[in-house]
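Participant: Next comes the sequence, and after it the predicted model I'd like to discuss.
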Amino acid sequence: MRTPSDSRSRSRLWFVAASVALLALIAAACGDDEEATPAAPSDTAATDTGAAEPIDSEEAPEPETTEAPDEPETTEAPEPETTEAPDEPEPQEPAEPSGEPVRIGILFSNSGPAGLFGPPTSNIAEFIEEDINAAGGINGRPVETYLADDATDPAVGRQAMEQLIDSDNVDVVLGTHSSATRQAAKPLAEDADVLYIYAALYEGGECSSVMFNTGEVPSQQLAPVIPWMMEQTGGQTWFLLGNDYVWPRRSFELARQYIEAAGGEVVGEEYVPLGTQDFSSVAQIIAGSGADLIFPALVGGDAIAFETQAVDFGIGQDAIPRLANIYEENVLGAMGPAVTAGMRVTLGYFKEVDSALNNEFVSRYFERFGADAPPHMTFSSHIYDAALLYAAAANAAGTTDTAAVAAAMEGLSLTTPTGDIAITGSRHLSQPIYVAEIQADGSQLIVQSFSSVEPDETCDPA
Amino acid sequence: MDALTLELLNGASLFAILAIVALGLGIVFGLMGVINLAHGEFVMLGAYVAYVVHTVGLNHWLSVPLAAVVLFVLGVVIEVGLIRRIHRQPELTILATFGLSVCLRQIAELVFSKDFQSVPNPVPGATEAFGVLFPTYRYLLIAIAAVVVAATLLAFTRSRFGLVVRAIVADRDLAESAGIRTGMTNLCAFGVGAATAGIAGALVAPLGAVEPQAGLAYLPGAFLVVIVGGYNRLWGVAAGALTVAAVQTGVIHFYDAVWAQIASLALAVLVLQFRRPTPAGAVA
Amino acid sequence: MRLEATDLRSGYGTVPVLHGVSLTVSSGEIVALVGRNGAGKTTLVKTVLGVLRSTGGALHLDGVDITRMPPSRRVRAGLRATFQERALFGALTVSDNLRLSGFGSESHDRVLDAFGPALSGRGSQRTGTLSGGEQKMLAAAIALATDASLLVMDEPTEGLQPSNVALLGDHIESARDAGRGVLLIEQHLELAKRLADRFIVLEKGEVVDSGPAADPDLAARVARRLLI
């Protein structure tokens, strides 16, 4: 019997429509405005007249005038060089790129649950343009980056991919987002024959004629590190706790093999739904398992909830050491050093990687974006590497034609801030793997590194 | 024996969390028929109140009443500015509160950034009681949540205000015709609903991540509780939380957390299938 | 106290029911609103009280524009209605219904005793378990016992035993004699004739006839309209 409202509601419809529209507007205004727009050209190339001269802005590092940091010949930013020509120290100033730009699309998560990984990636997009252009661009042409946000939602991701391909006319898409988005977006890249380099760590198994997958796969993160961890701690029995989706499940499947091969034993394997907030029952199961070690493959808020609650249940890091494969700075920072001190994390990149190339890159990052900028981390680092790989391959091929660049990608190797990387025959990446140990002050100290770790993948798209 | 005691305590703490998180959703839905998709964001904002209280160096427990006050005010503003004008049209309230949830998340992101934050546990460690060690904070959480939920439900059922509320739930037009200012009651209901969400947020903050997206994780659980408990009786929130907590804890114990979630969803589906349409005004 | 409707229009959704009704009810008079089923009488009651929003025209109570007020404010301004259906909260007790209308527990017996033994002592009973006629009496008793100066009663005698119809008639007359105005919607033509000072005939959402009840021609026309 709510009919009386009908007439009233009609006359209020305009108001409601206006409110909803207003809310939508506010939401849009609140949202980041960099979605699917060229990231940096607006403050470099676009401001200049006529021919693109993207490198001439004040922010670009100027090797001569700065107070001589440490290594004058590399201040020019890392040069994408194929390894067969390592030393050409004479700064043979590369010709300024000109002509129609090569468009590099970046599909990433800048909102939704994985949105916090967005800011470092959009920062790195600036460096991608600057550094590739400083090194002469791609086949003499400047590069421009185009960012598109998948909102951590595969349906949105598909639209974002469509936008990159159809509206922005990109030559290549670099992706750092969920596997779900990859699965939704991949067919578009295949249909349009656009090269798609997926650079996020993932469960492995991807194989497509237009794709390369340069993120860490579980075999890389785990094969060398699990035996090392058991040796370091003396622990033999493991508890595997993960969110319930393909990446933790694949990680645990492999972890079990490596643990058993190393003479250890898995005494418990539990999965919790994404978004789990209460870990009391799980904590009790772990406490009862008698495990020496915990391998948590939990993401985001779930990881924080588990670790903070675990301490009060008496199964914190001090009681049962952790080896984690996704805990990154944001998550670790929120847990706090009291919870995290002593945890070990295995990933393909940490900003603490101690090489001249990386130290310079990281200090440039924080100088540019501020000391409290969202830290450069494995996702943004792999996107940077993917861009350099693409540029090197396109230069080697002398074209941006997808098949030609893809052919040039195979076997390509580079040295980047990440370390020595090389595209494998399986269209994945041979790369270094680092283990960081969280210190009492919350900082990450790299305690072990493994170079050129091969992915246990097979792929033959042809 | 100890294992059983621990599971009972786990169940009790899960019950407390579910009940306090779902309480406001149940009040607003039961009383106003408004499906508030921004309820999770109210919880998230309550957690940020606790975060701010921690950041400025004040005692964590202060954040519980403070979150209630802040969220009550916010709830009142939202009721007057938005809900009041559309609360009779469910489809519009769903759209509008969805938009509101997006906006609140974005505002939280602008103010606090996307980063995960946390609130340290004010009483770390465990207490030994009933022959087992159980986290001290959870004992306090259970106690506070129980008091808040019971006090709110009593206020809504056993007082003159409670009578008015039941009348409005039964027949808003008739209540108006008896001279009851239902607009005022709506305002109170929405404000109190938001306030309890704020308390929930402040209470759960030390148990997990404080981040703009946190509300998204709380909303499904709250809906589950309201669906299972029944939305036209306020005590249903307590009954629903109890049922869901028992099912979840039991299934995790005997099986695992994934099946626990499936089981509680199946429970909600079953309840919806077999619930007879209740006559208007059948409010406990 | 004077209720004045001017060119009042309303309806349900996009279907208009009242096409511009004008009428007045003043203190100390009983105005009988008659018309066949579907004429718009109940719609008029709902629109006057405000549970149904008017789509045109105006309502004034003692010169104050109440057209856009919510029902509760109209009630506080001195208007009170009993609805033909669902006039009470069936799930609540009789006492709770009284409390909701503002009666303290000390006055409950007085209200319930107004209709003789039928309702006496039934305060703790769930209202939905009363018979239809008893619920009608209770709703009328509550409205009459309030201090509202203008009463709108929609079919108050429907389902009542003859003896109670007469009793209710007496109560309505004494309300008029106490200076209150009554707009009475009544199918029971005999009762309407006995009580009313004026008649208003509604047909298809419009006032088609009106006049003093004493006018014998009008009485004949009313009878004819209602019969045909």
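Facilitator: Received, thanks. Numbering: from 1, shown residues only, chains lettered A, B, ... in the order given.

Participant: Pull the distance from the lowest-mean-pLDDT helix or strand in chain C to the chain's centre.
Facilitator: Lowest mean confidence among the helices and strands of chain C (mean pLDDT, DSSP states H and E): helix C:216-227, at a mean of 81. Here helix C:216-227 is found 22 Å from its chain centre; the criterion is Cα atoms, centre = their mean, to the nearest Å.

Participant: Can you tell me which residue is spatially central in chain C?
Facilitator: residue C:153 (1.1 Å; Cα atoms, centre = their mean).

Participant: show me what contacts that one?
Facilitator: By Cβ atoms under 8 Å, 6 or more residues apart in numbering or on different chains, the contact list for residue C:153 reads C:81, C:82, C:140, C:143, C:172, C:182, C:183, C:184, C:185. Placement of C-beta: from N, CA and C, glycine included.

Participant: Now, those that are in helices?
Facilitator: The helices, defined by DSSP state H, take in C:140, C:143, C:172 from the contacts of residue C:153.

Participant: List just the nearest of the residues you listed to chain B.
Facilitator: Closest approach between the ones in helices among the contacts of residue C:153 and chain B, by Cβ to the nearest Cβ: residue C:143, at 9.9 Å.

Participant: mind showing which ranges of chain C have poor pLDDT?
Facilitator: Counting by pLDDT under 70, chain C shows low-confidence ranges at C:227-228.

Participant: Write out the residues of it neighbouring chain A.
Facilitator: For chain C, the residues in contact with chain A (Cβ under 8 Å from any Cβ of the partner chain) are C:10, C:11, C:12, C:13, C:14, C:46, C:51, C:52, C:53, C:55, C:86.

Participant: one step back: point out the other helices and strands that the least confident helix or strand of chain C packs with.
Facilitator: If contacts are counted by 3 or more Cβ pairs under 8 Å, 6 or more residues apart in numbering or on different chains; DSSP states H and E, helix C:216-227 sits against helix C:189-195, strand C:198-203, strand C:206-212.

Participant: Recalculate using a threshold of 10 Å.
Facilitator: In terms of contacts (3 or more Cβ pairs under 10 Å, 6 or more residues apart in numbering or on different chains; DSSP states H and E), helix C:216-227 is packed against strand C:30-34, helix C:189-195, strand C:198-203, strand C:206-212.

Participant: could you check the angle strand C:206-212 makes with it?
Facilitator: Taking axes from the mean of the first three to the mean of the last three Cα atoms, to 10 degrees, one finds helix C:216-227 and strand C:206-212 inclined to each other by 150 degrees.

Participant: Report the buried residues of helix C:216-227.
Facilitator: For helix C:216-227, burial by neighbour count (16 or more other Cβ atoms under 10 Å in any protein chain shown) applies to C:218, C:219, C:221, C:222, C:225, C:226.

Participant: give me the low-pLDDT residue ranges for chain B?
Facilitator: Residues of chain B that meet the cut-off, pLDDT under 70, sit at B:1, B:231-232, B:276-284.

Participant: Do a quick rundown of the helices in it.
Facilitator: For chain B, applying DSSP H gives helices covering B:2-32, B:39-55, B:63-78, B:84-86, B:90-112, B:136-157, B:160-170, B:172-177, B:182-204, B:214-229, B:236-254, B:257-274.

Participant: can I get those helices in JSON lines with distance to residue A:424 and mean neighbour count?
Facilitator: Shown next, in JSON lines, are those (distance: least, Cβ to Cβ, whole Å; neighbours: other Cβ atoms under 10 Å in any protein chain shown):
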{"stretch": "helix B:2-32", "distance to residue A:424": "46", "mean neighbour count": "24"}
{"stretch": "helix B:39-55", "distance to residue A:424": "43", "mean neighbour count": "26"}
{"stretch": "helix B:63-78", "distance to residue A:424": "52", "mean neighbour count": "21"}
{"stretch": "helix B:84-86", "distance to residue A:424": "57", "mean neighbour count": "18"}
{"stretch": "helix B:90-112", "distance to residue A:424": "38", "mean neighbour count": "20"}
{"stretch": "helix B:136-157", "distance to residue A:424": "49", "mean neighbour count": "18"}
{"stretch": "helix B:160-170", "distance to residue A:424": "65", "mean neighbour count": "20"}
{"stretch": "helix B:172-177", "distance to residue A:424": "68", "mean neighbour count": "24"}
{"stretch": "helix B:182-204", "distance to residue A:424": "45", "mean neighbour count": "26"}
{"stretch": "helix B:214-229", "distance to residue A:424": "38", "mean neighbour count": "24"}
{"stretch": "helix B:236-254", "distance to residue A:424": "41", "mean neighbour count": "22"}
{"stretch": "helix B:257-274", "distance to residue A:424": "34", "mean neighbour count": "16"}
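
Participant: Save these as a markdown table, and put in distance to residue C:131 too.
Facilitator: Output for those, formatted as a markdown table (distance: least, Cβ to Cβ, whole Å):
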| stretch | distance to residue C:131 |
| --- | --- |
| helix B:2-32 | 30 |
| helix B:39-55 | 43 |
| helix B:63-78 | 43 |
| helix B:84-86 | 39 |
| helix B:90-112 | 35 |
| helix B:136-157 | 28 |
| helix B:160-170 | 20 |
| helix B:172-177 | 19 |
| helix B:182-204 | 29 |
| helix B:214-229 | 34 |
| helix B:236-254 | 31 |
| helix B:257-274 | 32 |
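
Participant: Ok, which of the ones you listed comes nearest residue C:76?
Facilitator: Nearest of the helices of chain B to residue C:76, taken as Cβ to Cβ: helix B:172-177 at 10.9 Å.

Participant: Counting by contacts, list what the closest one packs against.
Facilitator: helix B:160-170, helix B:182-204, helix C:41-49, helix C:71-76, strand C:79-82, helix C:94-100.

Participant: Can you show me the CA trace of the least confident helix or strand of chain C as CSV?
Facilitator: C-alpha atoms of helix C:216-227 as CSV (Å, rounded to 0.1, in the frame of the first residue of the first chain):
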residue,chain,number,x,y,z
PRO,C,216,-36.1,17.9,0.0
ASP,C,217,-35.3,18.2,-3.7
LEU,C,218,-31.6,17.6,-3.0
ALA,C,219,-32.5,14.5,-0.9
ALA,C,220,-34.4,13.2,-3.8
ARG,C,221,-31.6,13.9,-6.3
VAL,C,222,-29.1,12.3,-4.0
ALA,C,223,-31.2,9.2,-3.7
ARG,C,224,-31.6,9.1,-7.5
ARG,C,225,-27.9,9.5,-8.2
LEU,C,226,-26.9,6.8,-5.7
LEU,C,227,-29.5,4.4,-7.0
